[in-house]
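Q: One predicted model, sequence on top.
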Amino acid sequence: MEEWKEQLREEGYIEIGDFFIELSIDMECPCKDDEVYPAITVYDNKTESWYYIDEPFEPVNNFTEAWEQTIKVLEDYINGREPRLKRSPKKFAPSDVIQRFAEALKEFKNK
């Protein structure tokens with residue numbers, strides 16, 4: 001397994017370039033149902049701002065399933081799909097941040 005994937009699985013976060021990527025589980029509490037979803041937050045050291053990856057994640061049962069979905073999304077981004085980084089539900093991250101994030105993720109191809 002590639003080193004970055006293993007670190008994300010074991011520690012729940014990875015750093016690449018100016019970015020810190022953290023994986024967690026998102027759920028409503030008090031719990032209305034048993035559905036939980038992967039949540040990926042991204043911190044940009046350059047702008048000192050937090051963003052999140054806005055993808056249509058499927059419900060998961062545990063952290064391992066969340067990790068599997070996260071890897072698929074990050075691999076899509078590594079392979080050229082534009083990241084869906086947002087600062088709020090209606091506002092995307094600035095285009096320069098999205099571009100820098102996409103470029104940083106390409107470094108994973110070599111790791």
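A: Received, thanks.
Q: And the helices in this protein, which stretches?
A: Secondary structure of the chain by DSSP state H: the helices cover 3-11, 63-78, 95-105.
Q: where does the protein have low pLDDT?
A: 1, 27-34, 111 (pLDDT under 70).
Q: what's the residue closest to the geometric middle of this structure?
A: I40 (3.6 Å; Cα atoms, centre = their mean).
Q: residues in contact with that residue?
A: Going by Cβ atoms under 8 Å, 6 or more residues apart in numbering, I40 touches I21, E22, L23, S24, Y52, I53, E55, T70, V73. Bear in mind the C-beta positions are built from the backbone N, C-alpha and C, glycine included.
Q: What sits closest to it if chain neighbours are left out?
A: I53 (4.1 Å; Cβ to Cβ, 6 or more residues apart in numbering).
Q: how about a markdown table for the helices of the chain, with distance to L85 and mean neighbour count added?
A: Formatted as a markdown table, these follow (distance: least, Cβ to Cβ, whole Å; neighbours: other Cβ atoms under 10 Å):
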| stretch | distance to L85 | mean neighbour count |
| --- | --- | --- |
| helix 3-11 | 17 | 14 |
| helix 63-78 | 10 | 17 |
| helix 95-105 | 5 | 17 |
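Q: Report how many residues lie close to the closest residue in space to I25 that isn't next to it in sequence.
A: Using Cβ to Cβ, 6+ apart and skipping the chain neighbours, the partner closest in space to I25 is V36 (4.8 Å). Using other Cβ atoms under 10 Å, V36 has 20 neighbouring residues.
Q: Check K91 too.
A: K91 is flanked by 9 other residues according to other Cβ under 10 Å.
Q: now swap in the one 3 residues further on and tell me
A: Neighbour count of P94, defined by other Cβ under 10 Å: 15.
Q: Leaving out sequence neighbours, find the closest residue to it.
A: T47 (7.9 Å).
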